[in-house]
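Participant: predicted coordinates and the sequence they were generated for:
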Amino acid sequence: MNDIHNLNGDFIYIIGDGGIGFQTLNTQLPENSMLSITKAIDVYGADGVEVDVQLSKDLNLVLFHDDRLETSTDGYGYVYEYDLAELHEFKYNRDIHANLFIDEHIVSLEAVLQKFSKQKIKPQLHLDLRSWLYDSSLYNSTGFFSVYASKIVDIINKYQYYEYTYITSGDINLLKELSQQDASLKLMIETNQISWAIEQIQENGWYGILANNYNISKQDIKYAHSQGIRVVVFDIKTQPNQVKAVNKHPDFIITDNISQLQQILYN
Amino acid sequence: MLKKVVIFILYFLIIDEILLQAQEEDKIKWGIETSPYISYSGINFGLQVNGFYKKHSLGIGTKIAFQSSYFPYQTSIGLMVDYKYFIMNNNNIKSYISINYTNLMYDVTNRYYSNKNIIHEYVVSNGFLIKLTKKIWIGNSIGVGGYTERYFNFSEGKKENYIGYNLMLKGLISYEF
C-alpha cells in the first residue's frame, strides 16, 4: 500500500498487541508472555510490541494485563500484593487446548529489556501503564505515581532504551510525573477526546496520542500531524479494520494480527 | 452380575471380530475425508484421499490454515499424511489409532525481509467414526505428539527452530466409494 502520509517518514510501524496478539484459539500464547513477545519480533518481524506494565510489591515492573491474577494465571489477587519472585512462579492458564503444553510465567519488564537491548535491530517497546493498580493502604495516587514513574525512568535509563520506548497512560497526572522526572521520555495520552489531548500534549511538550481505531478519524490524525503530534491506533485485528486504520495514515498501529497487516502494507 | 456382563461383552466383541475378519475383502477400497481440526498451527481444514486395506488405511492430502492472527494468510497451505489402524470395525462404528503427519508453509514479510516458514506436526491419535449413511461416516479424534516450527529469525537474521508438544482435536467426515 502506497501514499502513506505521516510523521514517520510516511511509514507505519506495526506493533504487536501484547506480543502476537491476545490469546484466542488461533493466537494460542498468553499476551505479555515472553514467548508471545519473542515470536512477535523474531518470527513475525513486528517493529515492536505493546505490553501492559504494573508494579509488584517489591517495586519491580511486571508485565500483566488484567486487574486480577486469577483471570489468566494460577495466582490469586493483585500484582501489587506479590514480590517479583512470587509472580515469576505464577503460570498462565492453559485454557486453550493447544496451549496445554505451554509453560509460560509472568515476566518482568527488565527481562524483556535485557533481550531487546542485545538485538541488532532494536524493537520498539510501547508501555501501557496500569495506573490504577496499586495498594491504596500504602499510597495515595500522588505517592504511587512518584514511585511508579521513578521505576520506569530508572529501567529505561539502565538499558538506554529511550529511543525505542513509548509510554502511554490515560492519567494526565502520571504523565506529568513522568515528564517531570525525565523530560526526554516519549509520552502519549490514551484518550478518545482528540482536541483535548492535542492541547495537553502541546502544553506539556509530549509525544503523541493513543486512540481506539473506532474513535479517531482520518481528519483527527491529519490535524494531530499538522501539530507535530504522533498517533497510535489500537483495537485492530480483522483485515477490514486494518485497511481502515491504514487509510487514516497513523504513525503506529497496534494489532492482534501482525502478518496480515504486513501483507496489507508490503504486498 | 457385573462380571457376567463384562464376560458377555468381551465374548460378543471377539465373535464380532472373528466374523469381520472372515468377511474382510482382500482388495483396496477408496474414500475421501475432510477434517477440520485445531492444533499448534491453529485452525485448519484438511482434505485427503484414503486407501483402505483390511484393517489399515493410508491417506494423503492437503490442508489450509484459516486466516487468523497466528497464521495470517488464506494461502497458507500444507501436506497431510495419515495412517489408521482400525481396532474395531463393524457395520456402524469404527474405532482406530492413527499416526498423522502434517506440515504448513506460511509467508512472513516485514520491512527488511520476506520469508517462508514451515511447521511440521506429528501426532498419534485415537478416534472413532459412526456410520451416517451407507457411504458416509462422521467422527472425531484426539491426538498428542509434537511440532517443529522452522522459521527465519528476523532479529538474528538466520533460520531457527521451535520444538514442542502438540495436541490435535479433529472432526472427520469420510466418504467411502
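Facilitator: Done, it's in.
Participant: for the residue nearest to the spatial centre of chain A, which non-adjacent residue is spatially closest?
Facilitator: Nearest to the geometric centre of chain A sits A:Glu50, at 2.8 Å (C-alpha atoms, centre = their mean). Ranked by C-beta to C-beta, 6 or more residues apart in numbering or on different chains and with sequence neighbours excluded, the top spatial neighbour of A:Glu50 is A:His126, at 3.9 Å. Where C-beta positions appear, they are placed from N, C-alpha and C, glycine not excepted.
Participant: residues touching the stretch of helix or strand that neighbour belongs to, excluding its own?
Facilitator: Under the criterion of DSSP states H and E, A:His126 resides in strand A:124-129. For strand A:124-129, the external contacting residues (C-beta atoms under 8 Å, 6 or more residues apart in numbering or on different chains) are A:13, A:15, A:47-53, A:109, A:112-113, A:116, A:148, A:152, A:161, A:164-169, A:171, A:174, A:190, A:232, A:252, A:254.
Participant: beyond that strand, next helix or strand please.
Facilitator: Once the chain leaves strand A:124-129, the next helix or strand it forms, by DSSP H and E, is helix A:141-158.
Participant: which elements pack onto the helix or strand just after that following helix?
Facilitator: Downstream of helix A:141-158, the next assigned helix or strand under DSSP H and E is strand A:165-169. Contact partners of strand A:165-169 among helices and strands, from 3 or more C-beta pairs under 8 Å, 6 or more residues apart in numbering or on different chains; DSSP states H and E: strand A:124-129, helix A:172-181, strand A:186-190.
Participant: wait, what's in contact with A:Lys218?
Facilitator: A:Asn247, A:Lys248, A:His249.
Participant: list buried residues within those.
Facilitator: The neighbour count (16 or more other C-beta atoms under 10 Å in any protein chain shown) marks A:Lys248, A:His249 as buried among the contacts of A:Lys218.
Participant: surely A:Gln54 forms part of a helix?
Facilitator: No: looking at A:Gln54 with DSSP: H, G, I helix; E, B strand; the rest coil, it is strand, so not inside a helix.
Participant: what bridges to it?
Facilitator: Here A:Gln54 sits in beta bridges with A:Val62, as judged by DSSP bridges.
Participant: which stretches of chain B form helices?
Facilitator: B:2-23 (DSSP state H).
Participant: strands along that one, start to end?
Facilitator: B:29-39, B:42-53, B:56-65, B:77-89, B:93-109, B:114-131, B:136-153, B:158-176 (DSSP state E).
Participant: export the ones you listed to JSON lines and tack on mean pLDDT and distance to A:Leu35?
Facilitator: Below are these laid out as JSON lines (pLDDT from 0 to 100; distance: least, C-beta to C-beta, whole Å):
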{"stretch": "strand B:29-39", "mean pLDDT": "92", "distance to A:Leu35": "17"}
{"stretch": "strand B:42-53", "mean pLDDT": "91", "distance to A:Leu35": "15"}
{"stretch": "strand B:56-65", "mean pLDDT": "92", "distance to A:Leu35": "19"}
{"stretch": "strand B:77-89", "mean pLDDT": "92", "distance to A:Leu35": "23"}
{"stretch": "strand B:93-109", "mean pLDDT": "92", "distance to A:Leu35": "17"}
{"stretch": "strand B:114-131", "mean pLDDT": "93", "distance to A:Leu35": "15"}
{"stretch": "strand B:136-153", "mean pLDDT": "93", "distance to A:Leu35": "12"}
{"stretch": "strand B:158-176", "mean pLDDT": "91", "distance to A:Leu35": "9"}
